[in-house]
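Q: Dropping a prediction and its sequence here:
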2 protein chains.
Amino acid sequence: MFRTILIYGVALAVLIFVLKFIEYRFLVRDLSLEFYLGVVAVLFTVVGIWTGNRLTRKKIAPGSDTPFEIDEQTLRSFGISKREHEVLALMALGFSNQEIADKLFVSLNTVKTHSSNLFLKLDVKRRTQAIQRAKELRLIP
Amino acid sequence: MFRTILIYGVALAVLIFVLKFIEYRFLVRDLSLEFYLGVVAVLFTVVGIWTGNRLTRKKIAPGSDTPFEIDEQTLRSFGISKREHEVLALMALGFSNQEIADKLFVSLNTVKTHSSNLFLKLDVKRRTQAIQRAKELRLIP
DNA sequence: AGTTCATTCATACTTTCGGGTGAAGGATGG
DNA sequence: CCATCCTTCACCCGAAAGTATGAATGAACT
């Protein structure tokens, strides 16, 4: 922030010097106020855009890692239960229904029931779509 | 873009009016050039930052967080052909083999062949795993 | 006590996937 | 010209996934 203000100050000083220099060098003493304002406006708009980008990049860069949090609100709004969410998560990791059943210590039929309900709630027809949708909705990493 | 330029023009005009108004109203005829420049610089820096953010937001939002480029090197190192990559991409969007076949104007059998070869090359057993793996390897968005 | 809901499981049936194999046409490159 | 690879397609078969329906249990809430 300090550095930014410093840059602005220096830029402004340099600009004034340049303008004064131009003014005296060409002996055009009556360069209009509008001209100065126009030049300064354009220049500092550019500066603003530039620094604006830098600032937002700094905000975005650390967030790009996406710490990730499951969107509990959306989860509830879709009426997805804990167990269904577990099945969904394992699904997204590429496990088969049988593998999911083994991991959760339930039967294959149970996993099928959960996944079917899941597809209804997510309004999809296949597990691949469910995974897509769930990731969009930030229900899974 | 047009609108942006227009906004700048209007803002500049308004600013000049305001400054002139202040100048005459208080009969302070010798407000220094530096003062004008400073005010304009600060104002347009703010405008620049604001518009800069708007512009970059538009660039960031559709491209999500990651600009994303498919890793052609990896693609070749895995010996994945164009057609196979197309199938992979559609797979990742949640389409069934039949839907992919329709989209690519080929038979279901052809899509099966491509996907089977894909699974071999990616060393996976299911399409969900293939999608996972392909995303990790940046073969698809 | 009764209702609601999550969880569990089953049976039966259909659809989709995936593996294995073979084969034909076309493009590429030695 | 021949080898190789890509692309296309076919058939068969088994495995996995998904649909439909029903039902039992237990926790939670009213």
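A: Yes, it's here. Numbers count the residues shown, from 1 in each chain, chains lettered A, B, ... in the order given.
Q: A:Ala92 and B:Ser81, how far apart?
A: A:Ala92 sits 27 Å away from B:Ser81, going by CB to CB, to the nearest Å. Quick note: C-beta positions are derived from backbone N, CA and C, even for glycine.
Q: Point me to the helix or strand that includes the closest residue to chain B within chain A.
A: With CB to the nearest CB, the shortest gap between chain A and chain B falls at A:Gly48, namely 1.8 Å. According to DSSP states H and E, A:Gly48 maps onto helix A:33-63.
Q: Now do the helices in chain A.
A: A:2-25, A:33-63, A:72-77, A:82-92, A:97-104, A:108-122, A:127-136 (DSSP state H).
Q: tell me the mean pLDDT for the fifth one?
A: Yep, that's helix A:97-104 we're talking about. Averaged across helix A:97-104, the pLDDT comes to 96.
Q: Report whether that helix contacts chain B.
A: No: for helix A:97-104, no contact with chain B is found by CB under 8 Å from any CB of the partner chain; the gap never falls below 9.8 Å.
Q: what about stretch A:89-104, start to end distance?
A: 12 Å (CA to CA, to the nearest Å).
Q: which residues sit against that stretch?
A: Identification of contacts with stretch A:89-104 by CB atoms under 8 Å, 6 or more residues apart in numbering or on different chains yields A:83, A:86-87, A:107-108, A:110-112, A:115, A:127, A:130-131, A:134-135, A:140-141, B:124, B:126, B:128-129, B:131-132.
Q: hmm, back to that, averaged pLDDT, the helix holding A:Gly48. What do you get?
A: Here the average pLDDT along helix A:33-63 is 63.
Q: gap between A:Ile70 and A:Leu137?
A: Where A:Leu137 is concerned, A:Ile70 sits at a distance of 10 Å (CB to CB).
Q: Measure how buried the nearest residue to A:Ile70 once chain neighbours are set aside is and give me the count.
A: What sits nearest to A:Ile70 in space, not counting adjacent residues and going by CB to CB, 6 or more residues apart in numbering or on different chains, is A:Leu139, at 6.0 Å. Per other CB atoms under 10 Å in any protein chain shown, the neighbour tally for A:Leu139 reads 22.
Q: A:Thr128 versus A:Leu139, what's the distance?
A: Taking CB to CB, one finds A:Leu139 at 15 Å from A:Thr128.
Q: Contact partners for A:Asn117?
A: A:Asn117 neighbours (CB under 8 Å, 6+ apart): A:Glu84.
Q: What score does it have for pLDDT?
A: pLDDT, A:Asn117: 96.
Q: can you check the one 5 residues further on too?
A: Predicted confidence (pLDDT) at A:Leu122: the value is 95.
Q: ok, it - contacts?
A: Counted by CB under 8 Å, 6+ apart, A:Leu122 has contacts A:Phe78, A:Gln129, A:Ala130, A:Arg133, A:Ala134.
Q: Could I get the contacting residues of A:Cys111?
A: You called it Cys, but residue A:111 is Val. A:Val87, A:Asn97, A:Gln98, A:Ile100, A:Ala101, A:Leu104 are the contacts of A:Val111 under CB under 8 Å, 6+ apart.
Q: ok, so of those, who is nearest DNA strand D?
A: Within the contacts of A:Val111, proximity to DNA strand D (CB to the nearest atom of the strand) peaks at A:Asn97, which comes in at 3.3 Å.
Q: Assess the claim that A:Ile131 and B:Ala130 are in contact.
A: No: with contact defined as CB atoms under 8 Å, A:Ile131 does not reach B:Ala130; the gap is 11.9 Å.
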